[in-house]
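# Sequence first, then the predicted structure:
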Amino acid sequence: MYDIIIIGGGPAGLTAGIYTGRAKLKTLIIEQLAAGGQAATTDLIDNYPGVAEGCTGPALSDRMEEQAKTFGCEFKLAEVTGVDFSGKEKIVRTDREEFKSKVVIIASGATYRKLGFPGEEEFTGRGVSYCATCDAAFFEELPVAVVGGGDSAISAAIFLAKFASRVFVIHRRDELRATKILQDRAFANPKIEIVWDSVVDEIRGTDTVETVRVKNVKDGKLSDLAVDGVFMYVGLTPNTEFLGGAVKLDSQNYIPVTPNMETNVPGVFAIGDVTAKLLRQVVTAAGDGATAAFAAEHYINDNF
Ligand code: NAP
């Protein structure tokens, strides 16, 4: 049996692991794909303290993973398919094995939302993408569109502009949600054009994306943009389905937590993007991880 099972190996889960490993608690981190989570798909992280010169998401994630390993964390690549938190010993089921622990820390993050307009599903992987860092290089000297106006969309647009001939940002309002510094960078980039007050009506093509049909929400007019790629950044969906109701969720399926990162189930903590919170960043994820690890250590001392 493990002391701690951490579900998810993004910055929140890795930081929790660094702290629990360092506290000599037997820790297992279960990650579905590769460690690093959403941060590992981010091109540039320049708002994490100590990396002011800029650092790529994958590089920062690799360093966190190495640090967690240094402190003795075990890693498993598997998909968590279910949990049983009804007893004092918690059970975590994956597609391969079942694990038991005294504490579970949920750090399963969030994934990019889909909107479901015609063509989105059909052209996913054939021009429609949810990861600029992964796919930008396929669009060298080609026009692309980004959908959304938040930090993710604008960061992606700036990154894509290094490859693409032109980047249209399709945003449903007349102002961006993204932070000012990202807005300034986007406005100063001659390759980036914001298509204001607009939503995607349909993506069309034959084998791959050829046009995106855009609807102006103010006058209802439809127009076609010739693009080879469409990058979707319209917010997040928390990864909580696998919990099957084992912890309380809010109306948007995020996990509400106490200031000590406790869920409504004793011995089960939640951290990072999967929790109901104001700010989803690497720095807040790391802070959550450290707090949960410390609280979990206290829980184990008091209960086992
Ligand atoms: P977000 O902040 O929720 O932004 C989602 C964007 O999609 C908004 O502009 C929203 O428009 C638009 N949108 C939502 N539903 C839509 C719909 N049905 N049709 C058209 N547009 C729609 O999500 P995010 O950008 O993925 O960011 C998530 C979190 O990660 C945030 O806390 C963000 O700060 C953080 N993050 C930070 C950084 C960074 O610091 N560099 C980078 C990435 C992410 P409205 O604006 O009109 O609502």
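Good, I have the coordinates.

# near the ligand, which residues of this structure?
For the chain, the residues in contact with the ligand (Cβ under 6 Å from any ligand atom) are 47, 115, 148-153, 155, 172-173, 177, 199, 233-236, 279-281. Backbone N, C-alpha and C define where each C-beta goes, glycine included.

# Just the ones of the residues you listed in strands?
Among these, DSSP state E puts 199, 236 in strands.

# Mind checking which of the residues of the chain next to the ligand are buried?
Buried members of these, scored by 16 or more other Cβ atoms under 10 Å, are 148-153, 155, 172, 177, 199, 233-234, 236, 280-281.

# Filter those down to the ones in helices?
151-153, 155 (DSSP state H).

# Put together TSV for those residues, with pLDDT on each row.
Written out in TSV, the entries for these read as follows (pLDDT from 0 to 100):
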residue	pLDDT
D151	95
S152	93
A153	97
S155	95
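
# Look up phi and psi at the residue in the stretch 51-200 of the chain that the ligand sits nearest to.
Of all residues in the stretch 51-200 of the chain, G150 sits closest to the ligand, at 2.4 Å by Cβ to the nearest ligand atom. Per-residue torsions, G150: phi -90, psi -170 (degrees, to the nearest 10).

# Could you double-check that it sits in contact with R280?
No - counting by Cβ atoms under 8 Å, G150 stays clear of R280, with 10.3 Å between them.

# Name the residues of stretch 137-150 that come out as buried.
So, applying 16+ other Cβ under 10 Å, buried residues of stretch 137-150: 139, 143-150.

# repeat for stretch 268-280
For stretch 268-280, a neighbour-count test (16+ other Cβ under 10 Å) marks 268-275, 277, 280 as buried.

# Send me it as CSV with only the CA atoms.
What follows is stretch 268-280, C-alpha atoms only, in CSV (Å, rounded to 0.1, in the frame of the first residue of the first chain):
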residue,chain,number,x,y,z
VAL,A,268,-8.8,12.9,-0.4
PHE,A,269,-7.3,16.2,-1.6
ALA,A,270,-7.5,18.0,-4.9
ILE,A,271,-5.1,20.5,-6.5
GLY,A,272,-4.4,22.5,-9.6
ASP,A,273,-6.7,23.1,-12.6
VAL,A,274,-9.2,20.4,-11.6
THR,A,275,-10.2,22.5,-8.6
ALA,A,276,-12.7,25.4,-8.4
LYS,A,277,-10.4,28.4,-8.3
LEU,A,278,-9.7,31.9,-9.7
LEU,A,279,-6.3,31.5,-11.3
ARG,A,280,-5.1,28.4,-13.2
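
# No further questions, thank you.
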